[in-house]
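> Model the following, please.
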Amino acid sequence: MNATSNHTHADAVPSAESAPAASPVDSQDGPPEGGLILLAASLGLGLHLGAWRFRSGAAADYLNAGYYRALAQTAERGKLHGLFLADTLTLSEDNLDRPSFGAVDPLETLATVVPFTTHLGLVATATTSFNEPYDLARRFSTLDHLSNGRAAWNVVTTFIPDVAANFGATSLPSHQDRYDRAEEFVDVVNELWGSWEDYALIGDKAAGTFADISAVHPIHHHGSHFSVEGALTLPRTPQGRPVIVQAGSSEAGRELAARTADAVFAVQNTVESAIAFRQDLRRRAVAHGRPADAVKVLPGIVPIIGSTVEEAIDRKRRLDDLATDAELHKLALRIGVPDDALDLDKPIPFDLVPTGPEFNASHGFRDAVLELARRDNLTVREVLYRNGGGHIQVIGTATDVADTITQWYQAGAVDGFNLIFDVLPDGLDTFVDTVVPILQERGVFHTEYSGRTFRENLNLPDDRPQR
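Below you'll find the model as predicted:
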């Protein structure tokens, strides 16, 4: 089943001039020059379901350490802020139609690129639903130490039902219960990361004093979900604590992000909804006693680049031809309807999409897809063509991609983007070689890293307490 649409032009994006006015919580001076944040997402061999067939490399490349080393080195060559790895704990969502987005363990994989990079942030996804706080705090602290302050944790609450059975559970907890656990989980991890004072490790050989025991504090946490004594086995990390990224756009997800996260991996398909999301998150951060800009908003964006628009469209069509029915199945799963409820040449059956408590999957992905389909009155075929796994998709030249990124950034819709490539590594290679120079020439993206740690390069405050 070919899901290719008849569209022959890249998705239109409102100009910065036509965007809604900024909120009072936004800077009145506009976005900072050179302040655009860009992460590169490594999802299997590429986001597109046909990527593994389209690319020239072996189908098993995603199991090779050299593959990730090359991605990381390319990203750092382009001065991108970080490399983002997803995590997958079941085969059910992709049904073995392609290499899984997160088949390899993200933390172990990112550790392999540490010796080959010096500035690149290392963002690993890990679920709060099927991990324990002490173990996860220790593993991320280890990566932060080994990388000299470049680790980040992408916090997720697992929404794929079949994961539960892989961890001895009969079903997933409800959406609210998953976020209740996540709230406490993140708090415990932060307590553990702070259980050593910044000055606790002394290392005085002459005096025989390794650490100041009075500066290492067991956390004695006893809550609804966890009982953890602490302290952590490792001292405070080079950036105070690893950066926290949060992926979730529901009410509970926004609250978790506003209270605890440094950045949000968001799902937004229109500049208007992205502006509203960012303003809402900034208001919530202020309500939690944080600065409005404490949380960086980084939606996903899927660039499909050609030397001409026609070449980019042809690339997308060839990829779609290789994807068979898998893309339709993925859409059905993400919006909560049976596969046979979707007719390629008809609109999404909105009346069949669950929106109440019975919907236990990702609210952000579902809502972004439905908003795009409603706004532009799209058929299922057109949704599949234009929707990059729920994220905004730009099909065109390097200038088209740079235009969209620039317009969203200057409109106050984003602090940056998580770049999700159709095919790896060539999608990343092309972006670094063709789009990055345009963004740098326009003054929206930096030409050099400004700091030593990932936190510094994201322009986040130093998280180390002063003695």
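
> Counting neighbours, what do you get for the residue lying closest to Gly336 once chain neighbours are set aside?
Distances taken as CB to CB, 6 or more residues apart in numbering put Pro354 closest to Gly336, at 4.7 Å, once the chain neighbours are dropped. Glycine gets a C-beta too; all of them are placed from N, C-alpha and C. Per other CB atoms under 10 Å, the neighbour tally for Pro354 reads 13.

> these two touch, right, Pro354 and Pro338?
No: using CB atoms under 8 Å as the test, Pro354 is too far from Pro338 to be in contact (11.7 Å).

> what does the model give the residue nearest to Ser147 when sequence neighbours are not counted for pLDDT?
Of all residues not flanking Ser147 in the chain, Val114 sits nearest, at 4.8 Å (CB to CB, 6+ apart). At Val114, the model reports a pLDDT of 98.

> Report the contact partners of Val114.
122, 143, 146-147, 150 (CB atoms under 8 Å, 6 or more residues apart in numbering).

> what about the lengthiest helix in the chain, average pLDDT?
Taking DSSP state H as the criterion, the chain has its longest helix at helix 175-193. For helix 175-193, mean pLDDT rounds to 95.

> What helices and strands are in contact with that helix?
Counting contacts by 3 or more CB pairs under 8 Å, 6 or more residues apart in numbering; DSSP states H and E, helix 175-193 packs against helix 133-146, strand 151-156, strand 221-222, strand 227-228, helix 251-260.

> could you redo the last one with a cut-off of 6 Å?
Using 3 or more CB pairs under 6 Å, 6 or more residues apart in numbering; DSSP states H and E, the elements in contact with helix 175-193 are helix 133-146, helix 251-260.

> now the strands for the chain?
Along the chain, counting by DSSP state E, strands occupy 37-42, 82-85, 121-127, 151-156, 201-204, 209-211, 221-222, 227-228, 243-246, 263-266, 296-305, 392-396, 416-420.

> Residues in contact with the third one: which ones?
Spelled out, it's strand 121-127. Residues from elsewhere that reach strand 121-127 (CB atoms under 6 Å, 6 or more residues apart in numbering): 81-82, 84-87, 106-107, 110, 136, 147, 150-152, 154, 156, 158, 245, 454.

> 7 Å - rerun?
With CB atoms under 7 Å, 6 or more residues apart in numbering as the test, strand 121-127 has contacts from 39, 81-87, 102, 106-107, 110, 136, 143, 147, 150-154, 156-158, 243, 245, 454, 457.

> Next up, the contacts around Phe265.
Applying CB under 7 Å, 6+ apart, the residues near Phe265 are 154, 245, 247, 298, 300, 418.

> Skip the chain neighbours and tell me the closest residue to it.
Ala247 (4.3 Å).

> Go ahead and confirm that neighbour touches Val156.
Yes: between Ala247 and Val156 there is a contact at 5.1 Å, judged by CB atoms under 7 Å.

> can you tell me which of the contacts of Val114 lies nearest to Ala276?
Of all the contacts of Val114, the one with the least separation from Ala276 (CB to CB) is Leu122, at 31.0 Å.

> beta partners of that closest one?
Beta-bridge partners of Leu122, counted by DSSP bridges, are Leu83, Ala151.

> And it, how close does it get to Phe445?
Distance, Leu122 to Phe445, by CB to CB, to the nearest Å: 20 Å.

> Adding mean pLDDT, write the helices and strands packed on helix 175-193 out as CSV.
Below are those laid out as CSV (pLDDT from 0 to 100):
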stretch, mean pLDDT
helix 133-146, 98
helix 251-260, 94
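
> do you know which of those lies nearest Ser224?
Going by CB to CB, the one of the helices and strands packed on helix 175-193 nearest Ser224 is helix 133-146, 13.0 Å.

> number of nearby residues for Gly289?
Gly289 has 8 neighbouring residues, counting by other CB under 10 Å.

> Straight-line length of stretch 245-265, end to end?
End-to-end distance for stretch 245-265: 7 Å, by CA to CA, to the nearest Å.

> how much distance is there from it to the middle of the chain?
Distance of stretch 245-265 from its chain centroid, counting by CA atoms, centre = their mean, to the nearest Å, is 11 Å.

> Quick check: phi and psi at the closest residue to Gly443 other than its chain neighbours.
The shortest distance from Gly443 to any non-neighbouring residue, by CB to CB, 6+ apart, is to Glu33 (5.2 Å). With angles defined as degrees, to the nearest 10, Glu33 sits at phi -60, psi 130.

> Glu33: how many residues sit nearby?
Other residues within reach of Glu33, judged by other CB under 10 Å, total 11.

> same deal with Gly451?
15.

> Then the one 5 residues further on?
As a burial measure, Glu456 scores 16 neighbours (other CB under 10 Å).

> could you measure it against Gly149, distance?
In terms of CB to CB, Glu456 sits 8 Å off from Gly149.

> Phe421 too?
Distance, Phe421 to Gly149, by CB to CB: 26 Å.

> Name the residue in these two with the higher neighbour count.
Taking Phe421 and Gly149 together and counting by other CB under 10 Å, Phe421 has the greater number of neighbours (27 against 20).

> That one contacts Asp429, doesn't it?
No: taking contacts as CB under 7 Å, Phe421 lies outside contact range of Asp429: 9.2 Å.

> Assess the claim that Thr117 and Glu76 are in contact.
Yes: the pair formed by Thr117 and Glu76 meets the contact definition of CB under 7 Å, at 5.1 Å.

> out of those two, which sits in the busier spot?
More neighbours surround Glu76 than the other of Thr117 and Glu76, with 22 against 19 (other CB under 10 Å).

> Apart from its neighbours in sequence, what residue is nearest the more buried one?
The shortest distance from Glu76 to any non-neighbouring residue, by CB to CB, 6+ apart, is to Leu120 (4.5 Å).

> State the distance from the residue nearest to the spatial centre of the chain to His391.
Centroid check for the chain by CA atoms, centre = their mean gives Phe265 as the closest residue, at 4.0 Å. Here Phe265 is placed at a distance of 10 Å from His391 (CB to CB).

> likewise Ala60?
26 Å.

> Give me the more crowded residue out of the two.
Using other CB under 10 Å as the criterion, Ala60 and His391 rank with His391 on top: 24 against 11.
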